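Student: structure of the sequence below:
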Amino acid sequence: MIFLELVLQNFGPYAGRQVINLDPRIDQDNIRPIILLGGMNGGGKTTLMDAIRLALYGQRAQCSTRGNLSYNDFLTQCVNSQADPINKTRIELVFEHIEDDKPIQYRVVRTWEKNPKDGKDSLGILGKDETWPVDSLATIWDEYIENILPLGISNLFLFDGEQVKELAEQETPPAVVVDAINGLLGLELADKLAVDLEILVNRKKKETADKQDLAKLEELENRLAEQLQKENNKQKELEKLETDLKDLKIQYDEALNKYISEGGKLAAERSQLDTQKENQVQNAENIRKSLRELAEDVLPLGLIPNLLSQIQTQGEKELKFQQMQLAKDVLIARDQRLLNLLNQLNLELEKINSIQNFLVEDIDKLYAVNSSTETTWLNADEESLTLLDNLVYRLQIAKNTANAKILELQNYEEQILTIDRQIQTAAAPEAYAELQQAREKAEREWNKANSNVEFLKRHLLELQATIEKTKKELTNYTSDSLKYQSTEHLINAVTKVQATLKIFREKLTLRKLNKLEEEVKNCFLYLLHKSDLVHRIAIDAQTFSISLYDLKGKPVPKNRLSAGEKQLLAIAFLWGLAKVSGKRLPVAIDTPLGRLDSSHRNNLVERYFPAASHQVILLSTDTEIAKKEVELLRENEAIAREYLLQYNSGKRETTIKDGYFW
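Tutor: Okay, here's the model as predicted:
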């Protein structure tokens, strides 16, 4: 994944429309990882980081200035104070990533007004051609971006100096880093499963709570009689109240009908896609059946085409040789008749002998080559060779048919894959949720006017459900007893699963932490450039706290580390986590150097920034990456682009200029 462009319009201190080119590729053959943005404190560096997070995650974004604000209040706060109320606030993030082994670009666009409607922004996803909106992707954007850069591990790639400082000073990592570790190691899945199992057990216990005394048959009969009498009384009362509520019911029906009609349309689209998929799956199965039938006939002979060709050639040679042998006998008989005729003509004996010798030598020469070179091992007759030719002809037809069937099968499989992708976006749950919210709003307004009727209806429905339950308890006593036993068995089984799940989580944690420990150690030693300080790094499986050990296996207290070494350890921890994630993602660092001394600062500049990722966005003040550091990065050809955030305190606005402080 690569960030290509960030566009800000009336966002925070950035007035008007301002564009930042983030592409690390200067040209096709010249790629430099670092994008350097300089700015003084309060000049808008953190706002740029918030813009990237907000573009990617929207309401879920963990922005620095949001705090406990609602999303509506946060969006209002982000609007530039000097902006014209008519103009909307807008952020755009263009990124590129690999999908189906091909680079694909998307432009994520979020817009909102000063007082956003319904407390939300408007999300649009544009393809490489900005006139082509990907509406289907916008409806499932949260799921889509989770597959590329999950929110849980985003703090490993988008972090600031304060996060590094907090991580360096605490014995155990802060909650945001712990969440990222759990997401990275896949531990949150095991935890969620354990919680779901506990919920299932509690639900089953509640279901059986009222079935403990199934033997009281007489009590059930009396209870049923009382319930039927109550139902009769409630029904009469309901019929009287419903007469006065017909007009209000019409208003609710209008909202309900809209939900049913539009929701039905979405459901029909999904149903149509499911039907299309079933048809294509059946077509593919028919093709596979045809291929199996071909494989049962002559098609396996296609594995030995060279051998068949050799047999045909040898058979033809042997047949020709046999025919020549027959012709030889005919020629000898003819020559004998010729000699008899010559004897009758009273020719000289010497001439007749010469003619006889010529005929004998001619036949011998004619058949000498064939008789000396041909080897007969097939002994096939002409009929067998004809059958062989027919078999080869049928084999060629079968091969052509099989190739055509395979192409047809591939086409069906591609159509099935296309339909599966459409199913993922057609009739999205979000669309149903919006319709349902509109219906529930209308229902709430209607409930205010007919609360008495609805209250009575609920009680009547509950009473009817209770009556049905009582009837089932009476008529299905044996069935209920079996269900109770089944539930007890399920609860016992869940207890065993939870114990197994706990062991699985522990083993999974230890296995993945081993790899993480090695990566963190290598990163720390690489940054520290002091190989004799630490020999091994251990990470606690429960708290994820870091312990250091020297060459003799003795613990190295963290208080022995200087403040700079602690920060390098924190950066190595984040770097190691990013490496173990296996995701090729950009790294953005706000306030990257903090209070590091010159020695450790040089280590970060020379070793970490150029190697942290294929794209590294640095947001720095003039005292962090100063003239010496930026010149070093330029000499190493590590910087692709430089920008300066110029803040006008009078207007309280920031302008983005090309170039750094120096």
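
Student: C-alpha from now on. contacts and neighbour counts both.
Tutor: Will do.

Student: how far away is Ala612 from Trp575?
Tutor: Per Cα to Cα, to the nearest Å, Ala612 is found 7 Å from Trp575.

Student: quick check: mean pLDDT of stretch 270-289?
Tutor: What stretch 270-289 shows for mean pLDDT is 88.

Student: buried residues, it. List them.
Tutor: Within stretch 270-289, the residues scored as buried using 16 or more other Cα atoms under 10 Å are 270, 273-274, 277, 280-281, 283-284, 287.

Student: Glu231 reaches Arg458, doesn't it?
Tutor: No. Between Glu231 and Arg458 there is no contact under Cα atoms under 8 Å: 11.9 Å.

Student: neighbour-wise, which of those two wins?
Tutor: Taking other Cα atoms under 10 Å, Glu231 and Arg458 do not tie; Glu231 has more neighbours (19 against 12).

Student: which elements pack onto the one helix or strand the more buried one maps to?
Tutor: According to DSSP states H and E, Glu231 maps onto helix 217-242. When contacts are defined as 3 or more Cα pairs under 8 Å, 6 or more residues apart in numbering; DSSP states H and E, helix 217-242 packs onto helix 451-475.

Student: next, the angle helix 217-242 makes with the helix or strand just after the helix it packs on.
Tutor: With elements assigned by DSSP H and E, the helix or strand that comes after helix 451-475 is helix 477-528. Angle, helix 477-528 to helix 217-242, by axes from the mean of the first three to the mean of the last three Cα atoms, to 10 degrees: 80 degrees.

Student: tell me the helices and strands packed up against helix 477-528.
Tutor: helix 187-209, strand 536-539, helix 563-581, helix 598-603.

Student: make it 6 Å
Tutor: Applying 3 or more Cα pairs under 6 Å, 6 or more residues apart in numbering; DSSP states H and E, we find helix 477-528 packed against strand 536-539, helix 563-581.

Student: what separates that helix from the chain centre, distance-wise?
Tutor: Relative to its chain's centre, helix 477-528 lies at 24 Å (Cα atoms, centre = their mean, to the nearest Å).

Student: could you shift the numbering so residue one becomes 767, and keep it that way?
Tutor: Noted, 767 is the first residue going forward, which turns the last one into helix 1243-1294.

Student: avg pLDDT for it?
Tutor: Across helix 1243-1294, pLDDT averages out at 74.

Student: now that helix and helix 1329-1347, what's the angle there?
Tutor: 130 degrees.

Student: what about the spatially closest residue to Lys1393 that is not a sequence neighbour, how many neighbours?
Tutor: Computed as Cα to Cα, 6 or more residues apart in numbering, the closest residue to Lys1393 that is not its neighbour in sequence is Trp1428, at 6.4 Å. By the measure other Cα under 10 Å, the count of residues near Trp1428 is 10.

Student: Thr938 too?
Tutor: Count around Thr938 with other Cα under 10 Å applied: 17.

Student: would it count as being in a helix?
Tutor: No. Checked against DSSP: H, G, I helix; E, B strand; the rest coil, Thr938 lies outside a helix; its state is coil.

Student: so who does it touch?
Tutor: Ser1311 (Cα atoms under 6 Å, 6 or more residues apart in numbering).

Student: gap between it and Phe1339?
Tutor: 12 Å.

Student: what do you get for Tyr1413?
Tutor: Counting by Cα to Cα, the gap from Tyr1413 to Phe1339 is 34 Å.

Student: assign a three-state SS to Ala1354, would you?
Tutor: Criterion first, three-state DSSP; result for Ala1354: strand.

Student: Ser1386 is in contact with that one, correct?
Tutor: No. Under the criterion of Cα atoms under 6 Å, Ala1354 is not in contact with Ser1386, lying 11.0 Å apart.

Student: still on that earlier bit, JSON lines for the buried residues of stretch 1036-1055, including distance to Val1382 and secondary structure?
Tutor: Putting the buried residues of stretch 1036-1055 into JSON lines (distance: Cα to Cα, whole Å; DSSP: H, G, I helix; E, B strand; the rest coil) gives the following:
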{"residue": "Arg1036", "distance to Val1382": "42", "secondary structure": "helix"}
{"residue": "Leu1039", "distance to Val1382": "43", "secondary structure": "helix"}
{"residue": "Asp1040", "distance to Val1382": "44", "secondary structure": "helix"}
{"residue": "Lys1043", "distance to Val1382": "44", "secondary structure": "helix"}
{"residue": "Gln1046", "distance to Val1382": "46", "secondary structure": "helix"}
{"residue": "Val1047", "distance to Val1382": "46", "secondary structure": "helix"}
{"residue": "Asn1049", "distance to Val1382": "50", "secondary structure": "helix"}
{"residue": "Ala1050", "distance to Val1382": "48", "secondary structure": "helix"}
{"residue": "Ile1053", "distance to Val1382": "51", "secondary structure": "helix"}
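
Student: tell me the centre residue of this structure?
Tutor: Asn913 (4.6 Å; Cα atoms, centre = their mean).

Student: beyond the host helix or strand of that residue, next helix or strand please.
Tutor: Using DSSP H and E, the element containing Asn913 is helix 907-914. Sequence-wise, the next helix or strand downstream of helix 907-914 (DSSP H and E) is strand 924-926.

Student: any residues touching that next one, and which ones?
Tutor: By Cα under 6 Å, 6+ apart, the list of residues contacting strand 924-926 reads 1353-1357.

Student: pLDDT averaged over that strand - what is it?
Tutor: Here the average pLDDT along strand 924-926 is 83.

Student: how far out from the middle of the chain is the helix or strand that it is followed by?
Tutor: Remark: after strand 924-926, the chain's next helix or strand is helix 927-935, criterion DSSP H and E. Centroid separation between helix 927-935 and its chain, computed with Cα atoms, centre = their mean, is 32 Å.

Student: in terms of helices and strands, where is Val875?
Tutor: strand 868-878.

Student: how about that strand: buried residues?
Tutor: Result for strand 868-878 [16+ other Cα under 10 Å]: buried residues 871-878.

Student: stretch 1328-1344 too?
Tutor: Result for stretch 1328-1344 [16+ other Cα under 10 Å]: buried residues 1329-1344.

Student: stretch 1266-1279 too?
Tutor: Residues of stretch 1266-1279 classed as buried: 1267, 1271, 1275, 1279 (neighbour count, 16+ other Cα under 10 Å).

Student: any buried residues in stretch 1393-1413, and which?
Tutor: 1395-1396, 1399, 1404-1413.

Student: and stretch 1110-1122, by the same measure?
Tutor: Those would be 1118, 1121-1122, for stretch 1110-1122 by 16+ other Cα under 10 Å.

Student: next: stretch 1346-1355.
Tutor: In stretch 1346-1355, counting by 16+ other Cα under 10 Å, buried: 1346-1347, 1350-1355.

Student: make a markdown table from those and add distance to Ala1259 and pLDDT to it.
Tutor: Listed next are those as a markdown table, based on distance: Cα to Cα, whole Å; pLDDT from 0 to 100:
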| residue | distance to Ala1259 | pLDDT |
| --- | --- | --- |
| Val1346 | 35 | 83 |
| Ser1347 | 34 | 77 |
| Arg1350 | 41 | 86 |
| Leu1351 | 42 | 90 |
| Pro1352 | 45 | 93 |
| Val1353 | 45 | 93 |
| Ala1354 | 47 | 93 |
| Ile1355 | 48 | 91 |
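
Student: follow-up on the earlier one: out of the buried residues of stretch 1266-1279, what pair is the most spread apart?
Tutor: Within these, Leu1267 and Leu1279 form the most distant pair, 17.9 Å apart (Cα to Cα).

Student: ok so, going back, which elements pack onto the strand holding Val875?
Tutor: Using 3+ Cα pairs under 6 Å, 6+ apart, strand 868-878 is in contact with strand 855-865, strand 888-892.

Student: residues in contact with Leu1334?
Tutor: Applying Cα under 6 Å, 6+ apart, no residues contact Leu1334.

Student: just the mean pLDDT for stretch 1375-1393, thanks.
Tutor: The average of the pLDDT scores along stretch 1375-1393 is 91.

Student: distance between the ends of that stretch?
Tutor: 16 Å.

Student: quick one: Leu1067 and Arg1160, what's the gap?
Tutor: Going from Leu1067 to Arg1160 by Cα to Cα gives 10 Å.
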